[in-house]
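Asks: Got a predicted model here, sequence first, then my questions.
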Amino acid sequence: MSFGEPSKFRKYTPLVAVLFLLGGVVYAVRSLGVNTGYAPEQPIPFSHRLHAGENQIPCLYCHANADKGRHATVPSMNVCMNCHSVVANDKPTIQTLKKYYEEGRSIEWIRVHDLPDFVYFSHRWHVAKGVQCQTCHGKVEAMERIEQMQPLTMGWCVDCHRAKEASIECGTCHQ
Ligand code: HEC
Ligand code: HEC
Ligand code: HEC
Ligand code: HEC
Ligand code: HEC
């Protein structure tokens with residue numbers, strides 16, 4: 001734009017302002033409730049890269065309910081102690097783990113993925129149909145700390161259901 005003749009463009013100013021506002025509103029509405037990128041620090045720095053990546057422990061070894069029910073579930077202290085009663089038990093983090101275990105306490109992991117209660121979702125159907133953990137959770141085996149990779153919005157669910165010819169009736173996910 002030449003500074004000499006701004007009048008040429010001035011008539012578009014209201015239009016640009018309205019488009020800008022609309023863009024803002026659309027963006028705000030689309031981001032409502034979206035937690036993509038959420039990666040809280042956990043009480044013990046548990047590394048998926050180390051366990052599922054480097055040591056290749058299968059996801060289902062720890063998330064044993066993922067092919068059976070709604071929740072994949074986070075493993076109990078017993079599962080950790082299967083290995084850590086011996087493995088790396090001189091490390092301070094593992095000593096903390098052991099102390100919790102001996103006191104009969106569990107670690108209060110901070111929940112990362114969380115759908116609203118009015119949505120009906122189960123891991124079982126998805127795992128049974130061969131949808132990979134990584135499709136919904138990203139490359140977990142490379143993560144030092146768990147991060148939410150997908151928006152988990154209705155649009156996200158419905159897009160895949162359309163593509164895979166799964167049901168998109170309202171009652172499938174809202175009962
Ligand atoms: C040795 C046990 C272990 C293995 C193996 C393991 N996980 Fe986990 N996972 C955990 C623990 C403990 C947490 C809770 C702490 C955290 O978020 O880091 C967790 C948390 C998660 C979460 C986030 C839960 C939430 O709060 O929303 C996802 C998703 C997940 N794991 C997926 C996987 C996938 C996919 C694999 C395989 C590639 C895998 N895990 C392998 C122990 C394990
Ligand atoms: C179709 C997408 C999808 C697939 C496939 C999937 N997850 Fe999830 N996962 C989710 C959603 C959505 C949530 C949040 C569920 C909620 O809040 O009820 C979640 C939550 C979790 C959690 C937190 C605790 C829980 O169970 O709610 C863990 C752990 C987890 N997933 C692990 C896994 C593992 C391991 C696999 C593969 C065996 C897997 N997920 C496959 C979408 C998926
Ligand atoms: C199948 C065996 C196995 C299981 C089950 C397991 N781990 Fe591990 N863990 C390992 C191995 C192997 C290492 C690497 C040890 C090393 O590098 O010396 C490790 C390392 C760690 C470390 C890092 C220690 C350090 O400071 O260097 C932490 C923390 C940890 N594990 C926590 C957990 C927790 C919490 C659980 C339960 C949710 C768990 N582990 C379950 C095998 C396991
Ligand atoms: C990556 C693809 C994918 C994503 C993402 C996905 N789904 Fe699915 N979903 C499927 C497939 C495939 C099936 C199995 C359909 C069948 O059994 O024919 C399924 C089945 C279901 C069913 C059972 C339908 C029945 O047969 O009764 C429900 C409920 C469901 N999904 C809810 C959700 C919700 C809620 C979300 C989002 C949080 C979601 N899904 C995200 C692929 C996906
Ligand atoms: C495949 C699963 C799925 C199907 C099918 C589905 N929904 Fe949803 N719906 C969700 C999820 C997940 C959420 C929560 C996340 C969000 O708000 O985007 C949601 C949220 C909603 C909300 C609340 C929006 C808000 O901002 O709080 C309404 C209303 C809704 N759905 C209506 C419908 C109607 C009407 C249909 C049928 C045309 C339908 N849904 C079909 C998964 C689904």
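Replies: That came through, no problem. Ligands and ions are numbered 1, 2, ... in the order given.

Asks: what residues are up against the residue most central in space within the chain?
Replies: The chain has Gln148 as the residue nearest its centroid, 3.0 Å off, counting by C-alpha atoms, centre = their mean. Neighbouring residues of Gln148 by C-beta atoms under 8 Å, 6 or more residues apart in numbering: 35-39, 112-113. For glycine as for every other residue, the C-beta is placed from the backbone atoms N, C-alpha and C.

Asks: can you check Met154 too?
Replies: Contacts of Met154 (C-beta under 8 Å, 6+ apart): Cys173.

Asks: Keep only the contacts of Gln148 that also lie close to ligand 2.
Replies: His113 (C-beta under 6 Å from any ligand atom).

Asks: Filter the contacts of Gln148 down to the buried ones, ChimeraX style.
Replies: Entered in ChimeraX, the line below selects the buried ones among the contacts of Gln148, by 16 or more other C-beta atoms under 10 Å:
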select :35
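
Asks: any idea how far the residue nearest to the centre of the chain is from Asp114?
Replies: As judged by C-beta to C-beta, to the nearest Å, Gln148 and Asp114 stand 9 Å apart.

Asks: now do His51
Replies: Taking C-beta to C-beta, one finds His51 at 22 Å from Asp114.

Asks: Looking at the two, which is more packed in?
Replies: His51 (18 against 10; other C-beta atoms under 10 Å).

Asks: Burial check on the closest residue in space to Phe118 that isn't next to it in sequence, number of neighbours?
Replies: Excluding its sequence neighbours, the residue lying closest to Phe118 (C-beta to C-beta, 6 or more residues apart in numbering) is His174, at 6.3 Å. The number of residues packed around His174, counting by other C-beta under 10 Å, is 10.

Asks: Please verify my assumption that His174 contacts Phe121.
Replies: No. With contact defined as C-beta atoms under 8 Å, His174 does not reach Phe121; the gap is 10.7 Å.

Asks: before we move on, back to that, give me the pLDDT for the residue nearest to the centre of the chain.
Replies: Per-residue pLDDT puts Gln148 at 97.

Asks: Fine, thanks again, bye for now.
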